[in-house]
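A.B. asks: what's the 3D shape of this:
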Amino acid sequence: MIIKQMRLVSIVLLISMLFTLSANAATSPENNYKEEQVYEDQSGINMATLFPDAKDELKADWEKMYEGYKIVKVSETKMFYRKDENNKLVPITVKEFEQQSKTSGVGTNGVGSNTNYGITVYHTTASCSGACSYPTEWLLGGSFQWNVTPSLDTGNSVDAFVIGWAGGLAIKQGSTSGVVHYDEGDTNPAVVTVNPNAGVGWEFSEAIDKTFPANNWYASSGSFSVTIIKSTSNSGNIANSIGQYNQSYDTKTLTSLGLSLSSSGGGFSIGWATTTKVSTIPAYTTFTY
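C.D. replies: Numbering: from 1, shown residues only. Reported below is the predicted structural model:
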């Protein structure tokens, strides 16, 4: 979907030189099927209008989260998962996606079928348009949603969401926020790791096992944000930003990913200490400072 005065382009190896991912035991992300798009409109973007199929919970998040800010760029990444022979969620590879498309017509519209589950990650950069506290002030936002939530038996451990940025901008005090929407209620996960001038991360249970006869809860969507600042006026320098969902799928007993965030030479790295398998769903965009 292209909105008037909005530019839609595909991301191809965007800022791969600046943002790196690390883990002890990760999937091969280059083999996983992904759909990536970025939208830009300097006059402002309405997320609910741009993404009419987004869950109502996310639309409510966006209305509240971006109050006083103007969204100028949005990056959208979609990935698809299937259940393996051990009933674990695993990413669908490019080869598997192509095979399914040929044999059963499974494509983007196939998300939510009996075999495939889709997750979408949104990442935004929004400039301050209200009562700004600093000469340069950006809100970096991130959201995720499962098109259809997988069943609880596919995993009941910990996932994470990370927002990172280059440029060395500081975090505005008290500006981090996060909410995860489960099937039957919401939680506000605490920030578990911070690099004051480069990134912030949240961890949360991907599912909550409720005692029978109550229904189990699964994390169907969520939103996160942080405001970054500079004490001097915007000089027009361009910096990169990332919003990334980390999906663990190797064990149900994981209690923490052990996230670590670091930056050097304008780059940014997301790592984790756990040896479980982690699939990453990143979305990239840029801002000026």
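A.B. asks: Chain neighbours aside, what residue packs nearest to residue 199?
C.D. replies: Setting aside the residues directly before and after it, residue 199 is nearest to residue 164 in space (C-beta to C-beta, 6 or more residues apart in numbering), at 3.5 Å. From N, CA and C alone the C-beta is placed, and that goes for glycine too.
A.B. asks: right, and that neighbour touches residue 241 too?
C.D. replies: Yes: Residue 164 is in contact with residue 241 according to C-beta atoms under 8 Å; the separation is 6.9 Å.
A.B. asks: quick one, which of the two is more surrounded?
C.D. replies: Between residue 164 and residue 241, residue 241 has the larger neighbour count (other C-beta atoms under 10 Å), namely 29 against 25.
A.B. asks: who's in contact with that one?
C.D. replies: Contacts for residue 241 (C-beta atoms under 8 Å, 6 or more residues apart in numbering) come out as 123, 125, 140, 163-166, 284-287.
A.B. asks: hey, where'd the strands end up in the stretch 1-150 of the chain?
C.D. replies: Secondary structure of the stretch 1-150 of the chain by DSSP state E, counting those that start in this stretch: the strands cover 7-10, 19-21, 34-40, 69-83, 89-91, 116-128, 136-146.
A.B. asks: Could you list every helix and strand in contact with the fifth one?
C.D. replies: Under the contact criterion of 3 or more C-beta pairs under 8 Å, 6 or more residues apart in numbering; DSSP states H and E, strand 89-91 touches strand 69-83.
A.B. asks: tilt between the strand it packs on and strand 34-40?
C.D. replies: 170 degrees (axes from the mean of the first three to the mean of the last three C-alpha atoms, to 10 degrees).
A.B. asks: Run through the stretch 1-150 of the chain and note the low-pLDDT ranges.
C.D. replies: In the predicted model of the stretch 1-150 of the chain, residues 1-30, 102-115, 150 satisfy pLDDT under 70.
A.B. asks: Out of the contacts of residue 241, which sit inside strands?
C.D. replies: In this view, the contacts of residue 241 that belong to strands under DSSP state E are 123, 125, 140, 163-165, 284-287.
A.B. asks: Good, wrapping up.
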